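Colleague: no sequence on this one, just coordinates:
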């Protein structure tokens, strides 16, 4: 009840970020990121290092993808639930989500450099190799000969059955001939895949490269569209005011939520689950989502603290907002643990061969220490610490917890991707200097993404200054 | 007219609005009264702080209630499935590494025991259920379920004084100040 703020105490057109305060930091980050990017591209193109480094680059880009998509999620959820508390920090949600296109562009080398693509997603190698084989004239001739022999065989059966007056058998043979039909060269690839990898053949309706590229482009374009559109309306409200745009954003966010859910899930499946195309888990999408929402909220807390440390949003964001954000972060720590345990438990209990593969690698020998560390560091420690309500009200404490959450989330993503680097999966920690590559990739992508985030602070006001419910949010009490 | 033994319960004062009640409660708190309460038909934000209420003891009990649940579940499952009669299902181990199988029951019993401790702890701490409350002797107190906001200072408070407390209540804006007497027999 104390400390009510009314509109007169707020700057009329919101607060604009003075970019000169961070321009040196932003350009520095971009410079470091640029140098890192050059080094990374060198490693990606260099034959000796590309096998090890492709996993590092996937780790770096996917880690920041989960964070950025977390920003999109919180923006949409905030509108869809029509919540009032977060209006003061809404711009931060949007700006964390706005780095999505940067991540999408940084992921391009993974798809376009063929050896990298083949290393990461072994099924593309099978598809390309057998696709090339299916186009060789001698292979086509071989298949054509086999086909003709089959047809001739049934024609002979038909002729002898007709001679013996057995019409039923003749009809059956005729049907077989019709089933075989004319020779079709485009079916050779499918047959080759079926012979070499029946599981991949079973999944070829989903796991084929044309559809895979379409999905990648479509989902990144859609995610970019969603977050840019939400921000556009939000910024337009700064000049128009009124409730019209609030209602429009609420309606749109409910529909956009579907796009978000599909995009996030399918990117998670295509990028990480498909590293081992034999393995599948129906919990995977939710598992990655839990980590994204958690790390997205941690990043939002950090970004808010950073902007406040530069002297902005002082009268707008109070310890009450930190309390709510801390509670959401705590909730997603628990949600992550719940989903992660559910995935492990279902696979452990069902004991189905093609599902247990994931945990056979990660829960034996060397990687087992990481898995156990993940349980302790990603759940037990933050659970006990974030349970304190006084801690969530102190920005400094909550921000240190947010940094901690981001670090353990990095460990989580590391365990998703790196154990597959091989060749000796259990002992590949330093495989071809792997851990240094991982650091380089994470730092490079991190510098570029954070630099882009700082540049996005330049424009419009730091809080939606003419949102009708801004005061409700500022005077939040919980 | 009722006769018999009566005991003074305390002073009851009415306030017009929740804001008045909130401000008055802060003043009663600052005066140092301990045995008193504010009554309203709906929760008022920040009232706990205005009344100077400390942290509830309940979470302390709930923690131990939940722990009891965890230990009960683990003891039940380990006792039967590992110590007394090990059953090997699908080549799953029967030792410490069986623990994933025990998680659902452990979780559920923890929640159940915590919930029971919360419910019964809450009833015990607020001395519920009870048949009657002395304040129901007051006619005007019926308005508390509708548009009345009240503060009652009990006579067992060491700072209670028949004249000074009455004056104090009217000073902080209370109206219809009434000495509530409890019927003992």
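Modeller: Yep, it's here. Values in this document were obtained by computation on a predicted structure and should not be read as measured data.
Colleague: before we move on, which element is the nearest residue to residue A:120 once chain neighbours are set aside in?
Modeller: In space, and not counting its chain neighbours, residue A:120 is closest to residue A:54: 5.2 Å by CB to CB, 6 or more residues apart in numbering or on different chains. (Each C-beta comes from the backbone N, C-alpha and C, glycine too.) Assigned by DSSP states H and E, residue A:54 falls within helix A:47-80.
Colleague: So for that helix, mean pLDDT?
Modeller: When pLDDT is averaged along helix A:47-80, the result is 92.
Colleague: Return the set of buried residues in it.
Modeller: A:49-80 (16 or more other CB atoms under 10 Å in any protein chain shown).
Colleague: before we move on, what about stretch A:248-255?
Modeller: Quick answer for stretch A:248-255 (16+ other CB under 10 Å): A:249, A:252, A:253.
Colleague: now swap in stretch B:47-54 and tell me
Modeller: Those would be B:47, B:50, B:51, for stretch B:47-54 by 16+ other CB under 10 Å.
Colleague: which residues does whatever residue of the stretch 51-200 of chain A ends up closest to chain B contact?
Modeller: With CB to the nearest CB as the measure, residue A:85 is the residue of the stretch 51-200 of chain A nearest to chain B, at 13.6 Å. Under the criterion of CB atoms under 8 Å, 6 or more residues apart in numbering or on different chains, the contact list for residue A:85 reads A:320, A:321, A:324, A:473, A:476, A:478.
Colleague: who are the neighbours of whichever strand or helix holds residue A:128, in terms of helices and strands?
Modeller: Using DSSP H and E, residue A:128 sits in helix A:122-134. Here helix A:122-134 touches helix A:114-120, helix A:188-196, helix A:198-202, helix A:209-240, going by 3 or more CB pairs under 8 Å, 6 or more residues apart in numbering or on different chains; DSSP states H and E.
Colleague: rerun that using 7 Å as the cut-off
Modeller: helix A:114-120, helix A:188-196 (3 or more CB pairs under 7 Å, 6 or more residues apart in numbering or on different chains; DSSP states H and E).
Colleague: average model confidence for the first one?
Modeller: This points to helix A:114-120. pLDDT averaged over helix A:114-120 gives 90.
Colleague: Of the buried residues of stretch B:47-54, which is the nearest to chain A?
Modeller: residue B:50 (7.9 Å).
Colleague: Which pLDDT value goes with that closest one?
Modeller: In this prediction, residue B:50 carries a pLDDT score of 90.
Colleague: repeat for residue A:252
Modeller: 94.
Colleague: Report the secondary structure element holding it.
Modeller: Going by DSSP H and E, residue A:252 is in helix A:244-271.
Colleague: Buried residues, the longest helix seen in chain B. List them.
Modeller: Ranked by residue count and defined by DSSP state H, the top helix of chain B is helix B:99-125. Going by neighbour count (16+ other CB under 10 Å), the buried part of helix B:99-125 is B:101, B:102, B:106, B:109, B:110, B:113, B:114, B:117, B:118, B:121.
Colleague: Identify the residues contacting the lowest-mean-pLDDT helix or strand in chain A?
Modeller: Here the helix or strand of chain A ranked lowest by mean pLDDT, DSSP states H and E is helix A:167-180, holding a mean of 81. Residues outside helix A:167-180 that contact it (CB atoms under 7 Å, 6 or more residues apart in numbering or on different chains): A:147, A:150, A:151, A:154, A:155, A:157, A:158, A:161, A:162.
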